[in-house]
Every structure is written in C-alpha cells, then in structure tokens.
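Chemist: the sequence isn't on hand, but the structure is:
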Ligand SMILES: Nc1nc2c(ncn2[C@@H]2O[C@H](COP(=O)(O)OP(=O)(O)OP(=O)(O)O)[C@@H](O)[C@H]2O)c(=O)[nH]1
C-alpha cells in the first residue's frame, strides 16, 4: 500500500491552526483527511489530568474527514490509525497532525523516520506553519519555539493579515525569509487558504526543487555590507530620538534577535560524493541538535542525475532526482536552517568537498 501523505500543522499559540483545520474539515474537497489533534508535549498536564484516558476518540465529519484526538504517544496513535485503516474500520487518505502551539515540530517530524511501522505506512509530506501576522514579531523575539516552528516549515501561512498594514506584513515576511528562505509564504485569512497550500506540497524530500527567495540572497549580500559599516561604527538606525524614519529599521528588526537563521551554499563545481558524505556526516555529529532543517539539490562528480539530500537534526537522507537536462547548468544549492550554526565552518568545509 502507498504510504499515506502526512502534514504537520504547527504555529504558535493562537496562530490560527484550529481555524484553518476547521475550514478544511468542513469543506467539500473530496479528500478524506484524518486530523490528529495532538495533545502530546504536554506531559506535565497529561500526567496529572489526562493519564487515565490514553485512547483516541474518532469523530467522522459529513465530508468524510475524520477528526481524532489522541493523547499520549504519537507513534502509537499513528500505528493504531493505520491498523484500523488496513482492517477496513476507517477510511482516510491524508493525515494532518496539529501540534500544540508550544510544540517543537522537530520530534514530531522525526517520528516519520525513526519508527519503522510509521515509516512504512506514512510519508511526511510537509511541515506547514501558521504565523500570526499581528503577534509574530513579538513571539519570535521572545520564544525560540516560535522561531523553530518557522525554521522547520516547508510552507508558511500568514494569518491575521487583516489586523496589520501592508508594511508590517512585508517586514514580517523579510524576517521569516531570514529564518527560513526555503518556505514559500502564503496567507490564510480566517483559515481561508487553498487546500493546495496545505496538502500535497511534497515539501519534505520528494522533489528536487529548492526554491530560495532571491530577496534572501540579496539580503545576505546586503548584510555583509551592513556588518562592514558597523565595524567602522559609522551609523546605525537606532539614534533617531525624535522618531524620524529609520531606513534600516526593518532590516535590523528582521534579523538581530533570531538565533535561528539560515544560510545558503551555492557552487557551479561538482561535489566529490565521498568527501561530501564524510563532511556532512561529521557536521551532523557535532551540530545535529542545532540543525533544524537542511536540504540540497546537488551536482555530483560523475553522476548524470541530481542528488537531493535533506535532513532534520542528525537524520539525513538522500535520493536521486531527475537527470540533468542537456544544456542545463549543473550547479549545487544547499540551504541550512539552524540555531547559531557556524556558517563559515560549513561554507569552508563544503568548498573542500568540491572536485
Ligand atoms: N483577525 C483574524 N483572526 C483570526 C484569523 N485566523 C484566526 N483568527 C482568530 O484567532 C484566534 C485563535 O485561532 P485558533 O485557530 O484557535 O488558533 P490556534 O493556533 O489553533 O490556537 P492554539 O490551539 O491555542 O495554539 C481565534 O479567535 C480566531 O478566530 C485571521 O485571519 N484574522
């Protein structure tokens, strides 16, 4: 049986995850989606209040979707659902897992790779993160979980854009791109987002596209110039006592507080597969806990196909992608999203792996 495509829906407290899910659960889209309302990660509360009820509750909706509230272990829950499906007791062809607002999506994503039975029955399609346009700046400043949720995203949906002006939305997008340049950003207006923005994104590892917003690359270049300015202590946008406009304000705000950030490596030279394997292997040993998400579409010496590699923390995998087409420039592109990763060490090491 084909593995069931699964989506992890995350986002900070009150971001609008449930609003989005409710819409999906009631819409006529012809898909039978099993929604798992995840109440894991609240061990303290669970242990005191919920521990007696670890079974799941399944409610069928009119449109064929099923909503399932599980407490306890996600692996057990996923495996139970798969068994009931195999036995013909319930029918569904997609799974959406809604995490709690404070959850770190990392362990939830890892579930799909560490448990054999889950891995055989399910395929992680994408991590979709709802970001509250009204409160995200503050949440990103104050909560690393909020940064992580953005860092893990394959797709970002902005909610509550009705509550802020266009400039605020742009400033937020700039900041989100710095944390995660590989996740496209769309909006979810009171949960109204096309289902194609949520499901079947093939974001996790199946495609050999790595779209990186060109603004991110420009911002990165600008950043170097900016740092340089600072070395000479010349100017900074913060001395505006009388509240004049500060041209650098958004730019400053967009990155100065985030421990979680991204960088990109690009090269037109091919990689030596062995050296690259060794280098990445040693990097995940040392920096794995800080490496939230990484993905690359690579040109390997002697190979006529693209190689797609991707990972979450220490778990790294690679697949063969499409053939390089005649005339297509062979180049490698990688993006690393992590917490305080030593960009220079990565870049220098990767350079050493080129032929
Ligand atoms: N103005 C506005 N409010 C929204 C929008 N989307 C959701 N909300 C409101 O935001 C509040 C929180 O939405 P939920 O969907 O419950 O958020 P959640 O992410 O599920 O929240 P938790 O489960 O507590 O983490 C609700 O009052 C929603 O009506 C939006 O696009 N605009």
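Modeler: Yep, it's here. Just so you know, these numbers come straight off a predicted model, no measurement behind them.
Chemist: burial measure for the closest residue to the ligand within the stretch 251-355 of the chain, as a count.
Modeler: Proximity of the stretch 251-355 of the chain to the ligand (C-beta to the nearest ligand atom) peaks at residue 260, 19.5 Å away. Every residue, glycine included, has its C-beta placed from N, CA and C. By other C-beta atoms under 10 Å, 23 other residues sit near residue 260.
Chemist: same question, the one 4 residues further on
Modeler: When neighbours are counted by other C-beta under 10 Å, residue 264 registers 18.
Chemist: tell me the secondary structure at it.
Modeler: Under DSSP: H, G, I helix; E, B strand; the rest coil, residue 264 falls in the strand class.
Chemist: could you number the chain from 27 rather than 1 from now on?
Modeler: With the count now opening at 27, the last piece we talked about shows up as residue 290.
Chemist: I'd say it and residue 361 touch.
Modeler: Yes. Assessed by C-beta atoms under 8 Å, residue 290 is found in contact with residue 361 at 5.1 Å.
Chemist: now do the shared contacts for those two.
Modeler: The contact sets of residue 290 and residue 361 overlap at 207, 238 (C-beta atoms under 8 Å, 6 or more residues apart in numbering).
Chemist: so for stretch 226-237, first residue to last residue, what's the gap.
Modeler: One end of stretch 226-237 to the other measures 17 Å (C-alpha to C-alpha, to the nearest Å).
Chemist: what does the average pLDDT come to for that stretch?
Modeler: Averaged across stretch 226-237, pLDDT comes to 75.
Chemist: do stretch 366-381 as well
Modeler: 96.
Chemist: cool, stretch 184-200 as well?
Modeler: 96.
Chemist: tell me which parts of the stretch 77-226 of the chain are close to the ligand?
Modeler: Applying C-beta under 6 Å from any ligand atom, we find that the stretch 77-226 of the chain lies next to the ligand at 127, 185-186, 188-189, 215-217.
Chemist: pLDDT weak spots in the stretch 77-226 of the chain?
Modeler: 77-83, 96-98 (pLDDT under 70).
Chemist: hmm, try it at 90
Modeler: 77-103, 106, 115-116, 125-142, 145, 168-170, 208, 226 (pLDDT under 90).
Chemist: do a quick rundown of the strands in it.
Modeler: Under the criterion DSSP state E, counting those that start in this stretch, strands of the stretch 77-226 of the chain are mapped to 83-86, 92-96, 120-124, 148-158, 181-185, 211-213.
Chemist: all set, thanks.
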